[in-house]
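**Student:** 3D model of this:
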Amino acid sequence: MAKKRASDFTLMIAVILLVFIGIIMVFSSSWPDGLYRMNDGYYFLKKQLIASGLGLFAMLFFMNFDYWKLEKLAKLIFIVSIITGLLIFTPLGMEAKGARRWIDLGFTTFMPSDAIKLGSIIYFSYFLAKRKDNVKKFFKGFIPSLIIIGISCGLILLQKDLGTSATVGLTLFILLFIAGANVFHLSFLAILGAIGGFIAIIGEEFRMKRIMAFLDPFAAEVRDNAGWQAIQSLFALGSGGLFGLGLGKSRQKFFYIPEPQNDFIFAIIGEELGFLGCVTVMLLLLLIIWRGIRTALSTKDLFGCYLASGIVALITVQSLIHIAVVTSSMPTTGITLPFISFGGTSLMMYMGAAGILLNISRHTELDRS
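**Tutor:** Below is the predicted model:
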């Protein structure tokens with residue numbers, strides 16, 4: 001094992017800056033909604049501050065928790081994450097906005113899909129490291145990988161969350177590619193994923209409407225109101241211009257954009273902070289991705305390499321999907337922006353994952369300059 005060093009300071013600062021920006025933007029974007037629904041404009045801010053505090057604790061804990069211990073706990077972590085996903089279908093499951101995606105513990109709620117994201121990455125990294133000599137084989141490598149990906153994505157898809165299911169699927173696909181899987185097996189998996197996505201889309205009317213709204217949001221808006229989110233998001237980005245309207249001066253957050261503090265927070269960033277604000281956020285995300293890739297490349301053991309790669313892939317895929325949805329570059333789906341969007345479970349999971357990445361960076365021989 002490589003000599004233990006200090007954590008990647010650049011990576012840590014980038015994460016903290018994004019969380020800080022997120023707290024400010026959640027407060028700004030959620031004020032009207034909090035005042036209207038909760039009679040408290042500070043409601044979402046207070047919840048985000050609590051989640052940030054818990055997330056900071058998780059990041060510091062995992063930053064000092066040797067990552068190879070996760071390899072020994074990988075099976076247990078994956079099983080627990082799957083069990084939390086199954087709890088959705090028990091009386092603890094809570095339905096909201098037409099989907100059953102939350103678990104209600106009485107004092108708080110959380111989304112088990114976030115646990116499945118990290119749990120599946122940890123276990124799949126463990127699996128690929130153990131099967132390094134069989135990863136190109138169909139029965140000993142590809143089929144078991146297909147089962148792991150199928151369980152992880154299928155359980156989320158049962159929650160009517162195609163966006164998160166696709167995020168997890170793409171992340172694990174990238175991890176399988178990095179592990180050196182057979183290109184024909186990967187092609188078959190990609191085709192299988194495309195067919196599954198197509199069936200999931202045509203199987204639900206609201207998903208078909210989102211596809212039509214993506215192709216022509218203004219026509220869809222006139223026809224059945226399906227293009228509303230995409231149009232209002234584009235209005236927000238367009239009105240922000242280069243420098244933005246100013247912090248707190250968004251107009252679209254006043255009940256024009258649904259979930260402005262969550263699924264469309266990047267649109268509010270564009271409206272209030274302008275193109276420069278959007279670029280700043282994207283550069284910080286790219287900085288995290290770059291430092292994560294450097295960490296993965298310099299890690300001496302396969303599990304650490306795959307784990308770092310999986311975390312970076314998850315951040316990359318989810319960030320790209322969120323920004324693509326906000327800019328109407330793909331059909332609308334409910335995906336948060338890592339480290340920034342409102343959502344306690346998501347924020348704590350990503351800060352915990354960043355802590356794991358920081359711990360891996362302590363066990364490399366990489367020059368920190």
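**Student:** Grab the nearest non-local neighbour of residue 344.
**Tutor:** In this structure, residue 344 finds its nearest non-sequential neighbour in residue 51, 3.6 Å apart by Cβ to Cβ, 6 or more residues apart in numbering. Backbone N, C-alpha and C define where each C-beta goes, glycine included.
**Student:** how about low-confidence regions in this protein?
**Tutor:** 1-4, 97-98, 220-224, 365-369 (pLDDT under 70).
**Student:** which strand of it spans the most residues?
**Tutor:** Using DSSP state E to define each element, the chain has its longest strand at strand 99-104.
**Student:** What pairs with the helix or strand following that one, parallel or antiparallel?
**Tutor:** Downstream of strand 99-104, the next assigned helix or strand under DSSP states H and E is strand 109-110. Its sheet considered, strand 109-110 pairs with strand 99-104 (antiparallel) by DSSP bridges.
**Student:** quick revisit: list the residues that contact the residue nearest to residue 344.
**Tutor:** Residues near residue 51 by Cβ atoms under 8 Å, 6 or more residues apart in numbering: 343, 344, 347, 348.
**Student:** hang on, the earlier thing: pull the CA atoms of the longest strand of the chain into CSV?
**Tutor:** What follows is strand 99-104, C-alpha atoms only, in CSV (Å, rounded to 0.1, in the frame of the first residue of the first chain):
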residue,chain,number,x,y,z
ALA,A,99,-44.2,8.5,-7.5
ARG,A,100,-43.3,6.3,-4.5
ARG,A,101,-39.6,7.2,-4.0
TRP,A,102,-39.3,8.2,-0.3
ILE,A,103,-39.2,6.4,3.0
ASP,A,104,-40.9,8.2,5.9
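**Student:** Which positions within it qualify as buried?
**Tutor:** Applying a neighbour-count criterion of 16 or more other Cβ atoms under 10 Å, the buried positions in strand 99-104 are 101, 102, 103.
**Student:** Next: stretch 299-318.
**Tutor:** Buried residues in stretch 299-318 (16+ other Cβ under 10 Å): 299, 301-318.
**Student:** Give me the subset of those lying in strands.
**Tutor:** Using DSSP E, none of those sit in strands.
**Student:** Next step: those residues restricted to helices.
**Tutor:** Of the buried residues of stretch 299-318, the ones assigned to helices by DSSP state H are 302-318.
**Student:** returning to that earlier point: neighbouring contacts of the longest strand of the chain?
**Tutor:** If you take Cβ under 8 Å, 6+ apart as the criterion, strand 99-104 is touched by 84, 87-89, 92-96, 109-113, 159-161.
**Student:** How much space separates the residue nearest to residue 344 from residue 346?
**Tutor:** 9 Å (Cβ to Cβ, to the nearest Å).
**Student:** The helix or strand containing residue 77 versus strand 99-104: what angle between them?
**Tutor:** In the assignment (DSSP H and E), residue 77 maps to helix 74-86. Put simply, helix 74-86 runs at 110 degrees to strand 99-104, going by axes from the mean of the first three to the mean of the last three Cα atoms, to 10 degrees.
**Student:** about what we covered before: so how do I select the buried members of the contacts of strand 99-104 in PyMOL?
**Tutor:** Those of those that count as buried under 16+ other Cβ under 10 Å are selected in PyMOL with:
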select buried, resi 84+88+93+110+111+112+113+159+160+161
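**Student:** Helices - which of the contacts of strand 99-104 land there?
**Tutor:** In helices, defined here by DSSP H, the members of the contacts of strand 99-104 are 84, 112, 113.
**Student:** could you dump those residues to JSON lines with distance to residue 216?
**Tutor:** Output for the ones in helices among the contacts of strand 99-104, formatted as JSON lines (distance: Cβ to Cβ, whole Å):
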{"residue": "84", "distance to residue 216": "39"}
{"residue": "112", "distance to residue 216": "36"}
{"residue": "113", "distance to residue 216": "31"}
